[in-house]
Structures are given as structure tokens and as C-alpha cells.
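**Q** Quick one: sequence plus predicted model below, questions after.
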Amino acid sequence: MSSSQTTVAATATVAAVAAGVIAYAAYFDYRRRHSAEFRKQLRRGERQQARAAKDHAELSAKAQKQMIKQIVDEAKEEGFPASAEEKEAYFLEQVQAGEMLGADPTKELDAALAFYKALKVYPTPGDLINIYDKTVSKPILDILAEMIAYDGSLRIGTSYTGPAGVDMAELMREMGEMGGVPGVGLD
């Protein structure tokens, strides 16, 4: 077979495939416009796909929450340093590990765990969270937020000591227990 015959055969094949695709598209469009049963079938298929996607998302969210609980519990069991020097070294090590792992989108959970461990030893976690908010990607922050929500022992609020040595955070907590902050001028 010469090269011109090969070219003609290839062109004919491509033309036949293209004609088949166009014919199928025209047939599909005709059926979609004129057949109520076909439209119902298409909608039913779309609903099934949407339901399957929703179920998959729910299952993966549940699995991720279970994984988060498990790794937070494991981190607590490992323990955290006690002395100031050890805490500082541990903090720097965990932040560095979190930044390195955060660069890889497949290691978001590991990065969040490293940032969580750094948060556990930081003296003012609320300030560190503000820093994380500006520097860490949103998916990692979302995982970190779930870790913080699961860990009841982590005190995030920064305390402010007002005049006369009154801890304002404690005062607000007590007022909330007594019925809330008075609504002066809010009537």
C-alpha cells in the first residue's frame, strides 16, 4: 500500500467515525426533545448520580472524622514535652514538618496533625491560630479546626485581664451562666 492509499484510508476512517458521532448526537437530541420517557430516564439517572455523590461525600466525611479522632487520641497518648526548652524545640520541629507536609495536597491530614501538635505546646494557642489563619491553606485549617473541636483539653481563648486584675474571659463566662450580658440600649 502506498502512502497516498494509507492517507485516503485514514481520512475515510476518521470521516466515518466523525459521521457516526454526529449521527448519534443528532439521534440523542431528537430523542431528548421528543420522548417524555427518555427525558424521565435522563433525569432519573442524574438524580441517582447526585445521590451517589452525596452518599460518597457523607461516607468520606465520616471516615475523615474517625481518622481525626484516632490520630488526635494517638497524639495525646504520645504526650507532649514538659520543659520550656523541649516545648520550644518540639514546636519548631512540628511547625517545620507541617509546612513541609502542607506543600503536598495528599498529606493534608499529616500537616494538620503537625500543626495541632505545635498548637498543643504553644503558650497562647489563640495567637497561633491567627497566624495559621494567614499562612496555612484552607483544607488544612478545616482539618485542624476539627482536631481542635475534638480536643476538649485545648484552651484556645486568649485571656485578657482587665482593670483591677479581673479576668475578662472568666467574667464573660460567669455572666453567660447567670443569664447573659445585660442588653442596655438594645430594647
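**A** Cool, the structure landed.

**Q** could you pull out the helices for the chain?
**A** 3-34, 36-78, 84-102, 108-121, 125-135, 138-150, 168-177 (DSSP state H).

**Q** So which of these is nearest I156?
**A** Closest approach to I156 among these is made by helix 125-135 (5.2 Å; C-beta to C-beta). To be clear about C-beta, it is placed using only N, CA and C from the backbone, and glycine gets the same treatment.

**Q** what's around A145, how many residues?
**A** Residues lying near A145 (other C-beta atoms under 10 Å) number 13.

**Q** I misspoke; the intended subject was Q94.
**A** 21.

**Q** before we move on, what about L144?
**A** 24.

**Q** Not counting residues beside it along the chain, what's closest to the residue sitting nearest the centre point of the chain?
**A** Per C-alpha atoms, centre = their mean, the C-alpha nearest to the average position across the chain is that of P139, at 3.7 Å. Nearest non-adjacent residue to P139, counting by C-beta to C-beta, 6 or more residues apart in numbering: E108, 5.1 Å away.

**Q** averaged over its residues, what pLDDT does stretch 32-51 have?
**A** In this model, stretch 32-51 has an average pLDDT of 93.

**Q** which other residues reach that stretch?
**A** By C-beta atoms under 8 Å, 6 or more residues apart in numbering, the residues outside stretch 32-51 that reach it are R31.

**Q** what's A63 in contact with, if anything?
**A** Residues counted as contacts of A63 (C-beta under 8 Å, 6+ apart): none.

**Q** quick one: it from K138, how far?
**A** 20 Å (C-beta to C-beta, to the nearest Å).

**Q** residue ranges with poor pLDDT in the chain?
**A** 1, 157-187 (pLDDT under 70).

**Q** make it 90
**A** Of all residues in the chain, those with pLDDT under 90 make up the ranges 1-5, 61, 64, 79-84, 105, 123-130, 148-187.

**Q** Excluding chain neighbours, what is closest to K107?
**A** L101 (4.4 Å).

**Q** I figured the one you found hits D110, correct?
**A** Yes: contact criterion C-beta atoms under 8 Å: L101 and D110 qualify, at 4.7 Å.

**Q** Buried residues in stretch 41-48, which are they?
**A** Buried residues in stretch 41-48, counted by 16 or more other C-beta atoms under 10 Å: none are found.
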